[in-house]
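K.L.:
Provided below are the primary sequence and the corresponding predicted coordinates.
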Amino acid sequence: MIKKILILSVVYAFLITGITVTLSQKGDGYLIAVVIVSLIFIFLLVRIVYKENISGVKPKNNKVNYTNSSLQNLNKISTKPFLFGLEKNIISDQEFYFDQEYFYAVNNHQQTAKFNLKDISEISKTSVQINNSRIWQVKINDNGEEIVFKFAHNYTIWNKNFLEFYRKIQQLNPSAIQSKWNIWTM
């Protein structure tokens, strides 16, 4: 990424120098050319940073098998934060639930994918925060294939489901816990 930014900056510097040398600084053509080149530079710079840091953040789990099943007696642990539609590029599309034995991912068609809690290989905080809510990721080893889900927890004063899920995973597989739970850094 740094290499691309440096190359883009050098090209920008040469273009501005060329425009300055060839066009008269007294006319409107000079100012228009500088503004257009600057806007193109900013657009390309933002595009490079976006492609390297934001796109591809959302996990692609194409091999998850969904079935129709009931959601009764399940504890919901996720919520959908709002970031003007950009959250769709960061978090998984599913809603997440758990019970005493299984972790459930529910897609937009109300179909569920069911994973044993013992198959969870990692639960950790990511560096992304949306509306003061940390994005967490759960990695599951499903028949030798790693499945990654990212979501915002729904922990509140009244809803402690995520904390119960965290403690259940800590009890079943302590090595899966990669980030410590803390009320101040949740």
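P.N.:
Structure received. The model shown is predicted, which means the values in this text are computed figures rather than measured ones. Numbering: from 1, shown residues only.
K.L.:
can you list the buried residues in the helix ranked longest in the chain?
P.N.:
Of all segments of type helix in the chain, defined using DSSP state H, the longest is helix 28-53. Across helix 28-53, burial judged by 16 or more other Cβ atoms under 10 Å covers 33, 34, 37, 41, 48. Heads up, the C-betas are built off the backbone N, CA and C, glycines and all.
K.L.:
averaged pLDDT, that helix. What do you get?
P.N.:
The predicted model assigns helix 28-53 a mean pLDDT of 82.
K.L.:
which neighbouring elements make contact with it?
P.N.:
For helix 28-53, the elements it packs on are helix 2-22, judged by 3 or more Cβ pairs under 8 Å, 6 or more residues apart in numbering; DSSP states H and E.
K.L.:
need the residues that contact the helix it packs on.
P.N.:
30, 33, 34, 37, 38, 41, 44, 45, 48, 49 (Cβ atoms under 8 Å, 6 or more residues apart in numbering).
K.L.:
so where is the protein shaky, pLDDT-wise?
P.N.:
Flagging of the chain using pLDDT under 70 yields the residue ranges 1, 24-26, 52-62, 83, 85-89, 181-186.
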